[in-house]
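Enquirer: sequence and predicted structure are below.
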There are 2 protein chains.
Amino acid sequence: MRRLDVNLGTRSYPILIAPGLLYQPALVAAHLPSRRAAIVTNTTIAPLYLARLEAGLREVSIDIHAIIIDDGEAYKNWETLNRIFDELIAARAERTTTLIALGGGVIGDLTGFAAATYQRGVPFIQIPTTLLAQVDSSVGGKTGINHPRGKNMIGAFYQPRLVLADTDTLATLPARELHAGLAEVIKYGLIRDAAFFDWLEEAMPALLAGEAEVLAHAIERSCRNKADIVAEDETESGVRMLLNLGHTFGHAIEAGHGYGNWLHGEAVAGGIMIATELSRRLGLLDQHSVGRIRELLSRAELPVTVPALGVERYLDLMSADKKVADGRLRLILLEAIGRAFVTADVPVSEIGAAIAACGGDG
Amino acid sequence: MRRLDVNLGTRSYPILIAPGLLYQPALVAAHLPSRRAAIVTNTTIAPLYLARLEAGLREVSIDIHAIIIDDGEAYKNWETLNRIFDELIAARAERTTTLIALGGGVIGDLTGFAAATYQRGVPFIQIPTTLLAQVDSSVGGKTGINHPRGKNMIGAFYQPRLVLADTDTLATLPARELHAGLAEVIKYGLIRDAAFFDWLEEAMPALLAGEAEVLAHAIERSCRNKADIVAEDETESGVRMLLNLGHTFGHAIEAGHGYGNWLHGEAVAGGIMIATELSRRLGLLDQHSVGRIRELLSRAELPVTVPALGVERYLDLMSADKKVADGRLRLILLEAIGRAFVTADVPVSEIGAAIAACGGDG
């Protein structure tokens, strides 16, 4: 079993990565402050994993209540959150009742936000079942829901007590979702780990083939990169912003194109290409690196052009992003593969040109 | 100007108490991380204080957006919270935009929860305009909204950067609300400050007459008591529970009687009487102390009997309270004036008898 720790003082927690973890209830039980827990999952994941997880926890005398919600980013909203609250109240969930998120990023974000705000905060455990959730959304404590005018506009920083990444769950993951997860994996190489990017260029065929050991290494290295950043800057006032490479553009794609038409990872891949093109236009990144980035994203079967929403629409959507400070949009750019930085000094004309160069003009 | 500090490490903040603070915009400006702020207030408070607060802040070059919501506990819900989010997004509020709560406890709880969750957290300042908010709800970081099945069921612990208690605002406060605030003031004497309780017995006529210096002392001493407790136990895992004296019963009164029919402080007064009666029945508190407590609450024009909802209804409503752990209800009882403790060992029959003795039986 691979184990790494997210170091956040009294809120530190372990991430465990291995096949079959879903069926080791003692790992979960060891992190519960009482004998009560509620599992939140969705209609896709429940038939695959819920019954066995529930049965395992009952065997170790945990009182379990399951809450099954609809599947999809479109349900990451207040209505679903309120359904979770209604069920928790009906089940008389207490301050010591632990919420367990069993599913992908949407389940993790929703459940985490429910845990952050039910009775002003209850314990929380993540069992991510998608590559995206295992390498990104289950690590770092970002929780929240979407608002019609912006993704993740409402939320909280709230840390889990434990993350269990069972690599067996990736075997049932649709290929398109595996590819979407690879966008975030590639992102870690781009922002701070050039050696990992090199490794990904070699390992891509094995990753696409779902080779368990190769996937486990990619997950561990991704989580290690993210955990290091989060430990340094939990609430995103500094270095953590680098994790948003491609995300400001990506959020505009998701909002403008309708949540759910593109998967989050696909939108991030498109956003990474805009950030890459913008870095090149500003003389920061050489053409060879641009080619390597485009090539690796393509090999991961991710988009390298973006929807033609029109440059103005992109800029408007981006201005509602959380990364605006004092009216200025902060962007993450690359000065090399493995080296990213934050800037608020990019002329809008250059941003527009980069969006257009990636196919974003109307 | 009276000043005291809530000591919470990096999240420490000052409470300032004096007449006229509302019109000292430099105090607010010194605590803003950017030049932007949004004031949340209600239709009752806005005509009294909003224009001058806004004008003052604009004079010191703060860009201000005002959000005016309906007045009353009935609006402390998701719909109102979402209206605040809508206005913040429409105004392009950023992560560094500070939310300023101008009003009573409802405004403070709602605005604080909006600040805790808008873009995963923005800065927050409290300007409480009721006695209740000045002595209780604006101190300690509890924020949240009500759920149809329970008060404050959804919320977060989130600390303000500054609390400004302008004692001039109490001059416009309806007498009934002043009395309701006194319930929480008396509570501090009961749980940990016998000398303060003695002082309140002397000072009650001056408090009821609205004498500014006497009120300022009561506010400071109340905040000092609360700040000490919160510094010791921010998230209510131990000593902070003592602040809930009368509140489990009080919440049952509010929920069972319909939010808004009794003011929160009135319900707390009724709840204190049940806790007092229960303490006496269990042989913890002598009859003389019971008489002093009843007398002081009566002189503050607070209820000393409770609505006849029926004992079963009380017990049912209380079982949904946040203070349930492992299925057992934790109650705050008194062993003397100035000495409270937490217990989960009270027979339900005794609880029921105390409720009935205070008039709660159907």
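Expert: Great, that's in hand. Residues are numbered from 1 along each chain as shown, chains lettered A, B, ... in the order given.
Enquirer: distance of the residue nearest the centre of chain A from residue A:195?
Expert: Centre of chain A computed as the mean C-alpha position; nearest residue by CA atoms, centre = their mean is residue A:137, 2.9 Å away. Between residue A:137 and residue A:195 the distance, using CB to CB, to the nearest Å, works out to 24 Å. For glycine as for every other residue, the C-beta is placed from the backbone atoms N, C-alpha and C.
Enquirer: do residue A:38 as well
Expert: 41 Å.
Enquirer: residue A:155 now?
Expert: Distance from residue A:155 to residue A:195, counting by CB to CB: 33 Å.
Enquirer: who has more neighbours out of those two?
Expert: Comparing residue A:155 with residue A:195 by neighbour count (other CB atoms under 10 Å in any protein chain shown), the higher total belongs to residue A:155, at 25 against 10.
Enquirer: tell me which element the more buried one is part of?
Expert: When secondary structure is defined using DSSP states H and E, the element that contains residue A:155 is strand A:150-157.
Enquirer: who are the packing partners of that strand?
Expert: On a contact count with 3 or more CB pairs under 8 Å, 6 or more residues apart in numbering or on different chains; DSSP states H and E, strand A:150-157 meets helix A:105-117, strand A:142-147, helix A:247-257, helix B:78-90, helix B:105-117.
Enquirer: tell me which of these lies nearest to residue A:67.
Expert: Residue A:67 sits nearest to helix A:105-117 of all these, at 8.7 Å, using CB to CB.
Enquirer: same for the closest one, what does it pack against?
Expert: Other helices and strands packing on helix A:105-117, by 3+ CB pairs under 8 Å, 6+ apart, are strand A:36-42, helix A:78-90, strand A:98-103, strand A:124-128, strand A:142-147, strand A:150-157, strand B:150-157.
Enquirer: give me the mean pLDDT for the second one.
Expert: The average of the pLDDT scores along helix A:78-90 is 95.
Enquirer: that helix near chain B anywhere?
Expert: Yes. Contact between helix A:78-90 and chain B, assessed by CB under 8 Å from any CB of the partner chain, occurs at A:78, A:82, A:85-86, A:89.
Enquirer: the fourth one too?
Expert: No. Among the residues of strand A:124-128, none lie within reach of chain B under CB under 8 Å from any CB; the closest is 13.5 Å away.
Enquirer: what about stretch A:18-26, start to end distance?
Expert: Using CA to CA, to the nearest Å, the end-to-end distance of stretch A:18-26 comes to 15 Å.
Enquirer: would you indicate which residues of that stretch are buried?
Expert: Going by neighbour count (16 or more other CB atoms under 10 Å in any protein chain shown), the buried part of stretch A:18-26 is A:18-19, A:21-22, A:25.
Enquirer: quick one: which of those residues is nearest to chain B?
Expert: When the buried residues of stretch A:18-26 are compared for distance to chain B (CB to the nearest CB), residue A:25 comes out closest, at 19.7 Å.
Enquirer: got the phi and psi for that closest one?
Expert: With angles defined as degrees, to the nearest 10, residue A:25 shows backbone torsions of phi -60, psi -20.
Enquirer: how close does it get to residue A:100?
Expert: Using CB to CB, one gets 11 Å for the distance from residue A:25 to residue A:100.
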